[in-house]
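*Asks:* What follows is a predicted protein model with its sequence.
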Amino acid sequence: MPTEIKKRESESINSFLYRFNKKIQQSGMFKEAKKRRFRNRPVNRGQRRLSAVYRARKDKEIKTLKKYAQYQ
């Protein structure tokens, strides 16, 4: 979705930038760029497994500490 904007003859830089920014915002390029920039990448199976093992180990540790009243 390329957008081409050319500076008009005898147009000031300020008016050109205003027109450019308005055109870009209307085209939805900013929204699309932000979506792509902050996209969460999928986690691979190995990392999911390691985090599940870590969570299970921490849960077991917390249950043990609660049992002996050492966890607040």
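*Replies:* Structure received.
*Asks:* make it CA atoms for all contacts and neighbour counts henceforth
*Replies:* Fine.
*Asks:* Show me the residue sitting in the middle of the chain in space.
*Replies:* In the chain, the residue lying closest to the centroid (CA atoms, centre = their mean) is Phe38, at 1.9 Å.
*Asks:* which residues touch the helix or strand bottoming out on mean pLDDT in the chain?
*Replies:* Within the chain, confidence by mean pLDDT, DSSP states H and E is lowest for helix 29-37 among all helices and strands, at a mean of 85. With contact meaning CA atoms under 8 Å, 6 or more residues apart in numbering, helix 29-37 is reached by Ile24.
*Asks:* The nearest residue to Thr3 once chain neighbours are set aside: neighbouring residues, count only.
*Replies:* Spatial nearest neighbour of Thr3, chain neighbours left out: Ile24 (7.7 Å); criterion: CA to CA, 6 or more residues apart in numbering. By other CA atoms under 10 Å, 16 other residues sit near Ile24.
*Asks:* Likewise for Ile13?
*Replies:* Ile13 has 11 neighbours, counted by other CA under 10 Å.
*Asks:* Any chance of the backbone angles for it?
*Replies:* The phi and psi values for Ile13, taken as degrees, to the nearest 10, are phi -60, psi -40.
*Asks:* Distance check, it against Asn21.
*Replies:* 12 Å (CA to CA, to the nearest Å).
*Asks:* cool, and Arg45?
*Replies:* Arg45 is 42 Å from Asn21, by CA to CA.
*Asks:* So which of the two has more stuff around it?
*Replies:* Comparing Arg45 with Asn21 by other CA under 10 Å, the one with more neighbours is Asn21, at 13 against 9.
*Asks:* Report the contact partners of that one.
*Replies:* Applying CA under 8 Å, 6+ apart, no residues qualify as near Asn21.
*Asks:* Now it: which helix or strand?
*Replies:* Here Asn21 sits within helix 13-27, counting by DSSP states H and E.
*Asks:* report the angle between the axes of that helix and helix 29-37?
*Replies:* For helix 13-27 against helix 29-37, the angle by axes from the mean of the first three to the mean of the last three CA atoms, to 10 degrees is 60 degrees.
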